[in-house]
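Chemist: sequence first, predicted model second:
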Amino acid sequence: MSKILLFLLLCLIPTQLGKHFWFDWTMVLGIRIDYLSPTLYLVDLVWIVLLISNLIKPSVLWTSPLKKETFFKSKFFLVIVFVVINIFVAQNRWVAIYKWARIGQLVWFGYFGAKNKNLMEKMLMWVLPLWIGVESLLAIGQIAKGGSLNGFWWWLGERSFDFNTIGIAQMSVVNNGIVRAYGTFSHPNSLAGFLLISMVLWVKFKESLSSYKVFKVIKLNVLWWGVTWLGIIGIILTGSRTVWFLGLISIFWLSWGNFRNIKNKGIILFLVVMMLFGIYKMIDYNYPIQNFLGGWDENGLLKRGLLNLAAVEMIKKSPLLGVGLNNFLIKLPDYQQNNQIFWFQPVHNIGLLLISEIGILGILIFAFSAKGGLRFASQFSIFKTLKKLIRNNDKIIILILGVIFLSGMVDHYWFTLPQNMWLLTLVLALI
C-alpha cells in the first residue's frame with residue numbers, strides 16, 4: 001500500500017488541482033492572495049492517506065526520526081521552539097501557521113524519501129518521462145492554441161487563460177506577442193525550473209534504465225532522446241530566460257568531458273555564440289537588453305529591484321527573527337508606499353525571502369540542525385552534506401543544487417509554489 005501511494009504521489013507532484021479556502025486573513029489591501037490561501041491539493045489527499053497508513057501500521061518503509069533520541073534533547077525541539085517564536089512575532093499568525101504546516105509536511109516526506117532512497121530512485125525512472133512528456137506536450141498545445149486547452153487538462157490543474165487574460169505571461173517572437181507556456185503550473189518560470197531539474201535527473205538515471213529487460217537498446221535510445229527533446233522544447237516554450245541560460249550551462253557541465261576531446265573547440269564555440277545571437281535577434285529585433293535581463297515586462301528589472309529593497313528594509317528591522325514565515329506579502333505594502341510601481345509578489349530571491357521571514361537566527365538553526373533541513377540527525381549539517389558531494393564528485397547532484405541556487409537568486413518559486421517545493425524536497429531526500 002505504501003509503495004502504491006508513494007508512486008501515485010510522485011506522479012501527481014506537477015499537478016495543482018486543488019480547493020482554495022478564502023478567509024479574511026488571506027487578503028491584503030482587500031485583494032485575495034493565493035500565496036496566503038490554505039489550499040487542499042489532490043497530491044495532499046494522497047499524502048494524507050500515506051501518512052495515516054504509516055502511522056497506524058508502520059511499514060518497513062517507515063521509522064520515526066526521533067526514535068534514537070528523546071524529544072527534549074533533540075535538535076528537533078530547538079526547531080519547534082523557534083517555529084513557535086516565529087509564529088508569535090508574525091503580524092498574520094494564521095498565514096505563518098499554514099506555511100509552517102506545509103514545511104512540516106515536506107519535512108515528513110523528505111525523511112520518508114531519504115529512508116527509502118533506492119525505492120524512490122527506481123520509481124523516478126518511470127515517473128520522470130511522465131512529468132517531462134506530459135508537461136512539454138501540454139506546453140506545445142498551449143502555444144499552438146494561444147491559451148489553455150481546458151477539458152481533461154483542467155483536472156490536472158491547468159489554469160484557464162488566453163493572450164488577453166489580465167496578468168498572463170507573454171513573450172515577443174519576431175515582434176509578435178504570444179503567450180508563454182504554463183503547463184499545469186501557476187507561472188511559466190515555475191514550469192521551466194521544474195522541467196530543467198527533471199531533465200538533469202533524467203540524465204542521472206539513463207544508465208539505470210538500461211538494466212531493465214523491458215528496454216532494448218534501440219527502444220531505450222528512442223525513449224531517452226524523445227523525452228529529452230520534448231523537455232528541451234518545453235523549456236524553450238516557457239520563455240524563461242534564466243532557465244534557458246542555466247540549461248546551456250547544464251549541457252556544457254554534463255558534456256565537458258567529451259568537449260575536452262574535441263580538437264576544433266574554437267569553431268564550435270563560435271557557432272554556439274552565433275546561434276545564441278541569432279536566437280536573440282529572432283526573439284525581438286529591437287528588444288532592449290535591460291528588459292531581456294529583467295523579464296519580458298519592460299519594468300521587470302525595476303520591479304525586482306524594488307522588491308529587493310523592501311526585503312532588505314524588512315531584514316534591517318527584524319534581523320534575528322524575521323517578520324514571520326509567509327508574511328513578506330503581509331508587510332510589503334508598508335515598504336512600497338512611496339513607490340510609483342507597486343508589484344504584489346514575493347521578493348525574487350529566496351535568500352532575501354528566507355532571511356526576511358525567519359531571520360538570521362532561523363537560517364542558522366535550520367542549517368545546523370538537520371542534513372539539508374530534512375533528516376533529524378545531529379551528526380549532520382548542510383555544510384557537511386555539500387562537502388561530501390564535492391568529495392564524491394557527484395556532478396549531477398552538484399549541478400542540480402547549483403541550478404536551484406542560481407535560479408533561486410532571481411526567482412522565488414522554490415520556496416513559494418507547491419510543485420517546486422515538492423521537487424526540491426525530493427532532490428534533498430536523494431542526497
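Modeler: Received, thanks. The structure presented is a predicted model; accordingly, all values stated were derived computationally and were not measured.
Chemist: residues touching the most centrally placed residue in the chain, list them.
Modeler: Geometric centre of the chain, nearest residue: residue 420, 2.7 Å, by CA atoms, centre = their mean. By CB atoms under 8 Å, 6 or more residues apart in numbering, residue 420 lies in contact with 190, 193-194, 413-414. C-beta: built from backbone N, CA, C; applies to glycine.
Chemist: hmm, try it at 10 Å
Modeler: By CB atoms under 10 Å, 6 or more residues apart in numbering, the residues touching residue 420 are 13-14, 185-187, 189-191, 193-194, 197, 404, 407-408, 411-414.
Chemist: try residue 191
Modeler: Counting by CB under 10 Å, 6+ apart, residue 191 has contacts 14, 135-136, 138-139, 180-185, 234-235, 237-238, 240, 243, 413, 417, 419-420.
Chemist: contact partners for residue 38?
Modeler: 18-23, 25-26, 94-95, 97-99, 101-102.
Chemist: which of those are buried?
Modeler: 18, 26, 94-95, 97-99, 102 (16 or more other CB atoms under 10 Å).
Chemist: just those residues: which are in strands?
Modeler: Among those, the ones falling in strands (DSSP state E) are residue 18.
Chemist: okay, and which of the buried ones among the contacts of residue 38 map to helices?
Modeler: 94-95, 97-99, 102 (DSSP state H).
Chemist: following element in sequence after the helix or strand bottoming out on mean pLDDT in the chain, please.
Modeler: Least confident helix or strand, the chain: helix 289-294 with a mean of 48, by mean pLDDT, DSSP states H and E. Beyond helix 289-294 in the direction of the C-terminus, DSSP states H and E gives the next helix or strand as helix 300-317.
Chemist: quick check: next helix or strand after that following helix?
Modeler: Counting by DSSP H and E, what follows helix 300-317 is helix 328-335.
Chemist: what's the angle between that next one and helix 300-317?
Modeler: Taking axes from the mean of the first three to the mean of the last three CA atoms, to 10 degrees, one finds helix 328-335 and helix 300-317 inclined to each other by 90 degrees.
Chemist: for the protein, what spans make up the strands?
Modeler: Using DSSP E, strands in the chain cover 18-20, 27-28, 31-32, 39-41, 170-173, 176-179.
Chemist: so which of those gets nearest residue 155?
Modeler: With CB to CB as the criterion, residue 155 lies closest to strand 18-20 of the strands of the chain, at 11.5 Å.
Chemist: partners of that closest one in the sheet?
Modeler: strand 39-41 (antiparallel) (DSSP bridges).
Chemist: buried residues, the strand it pairs with. List them.
Modeler: For strand 39-41, using 16+ other CB under 10 Å, the buried residues are 39, 41.
Chemist: equivalent analysis for stretch 101-116, please.
Modeler: 102-103, 105-116.
Chemist: out of the residues you listed, flag the one nearest to residue 224.
Modeler: Using CB to CB, the buried residues of stretch 101-116 come closest to residue 224 at residue 113, 24.2 Å.
Chemist: poorly predicted segments of this protein, please.
Modeler: Along the chain, the model assigns pLDDT under 70 to residues 57-75, 174-175, 207-220, 257-269, 271-272, 275-299, 339-340, 369-394.
Chemist: and the lengthiest helix in it, what does it pack onto?
Modeler: Among the elements of the chain assigned as helix by DSSP H, the one spanning the most residues is helix 117-145. Packing partners of helix 117-145 (3 or more CB pairs under 10 Å, 6 or more residues apart in numbering; DSSP states H and E): helix 2-12, helix 93-115, strand 176-179, helix 188-204, helix 206-209, helix 217-238, helix 418-430.
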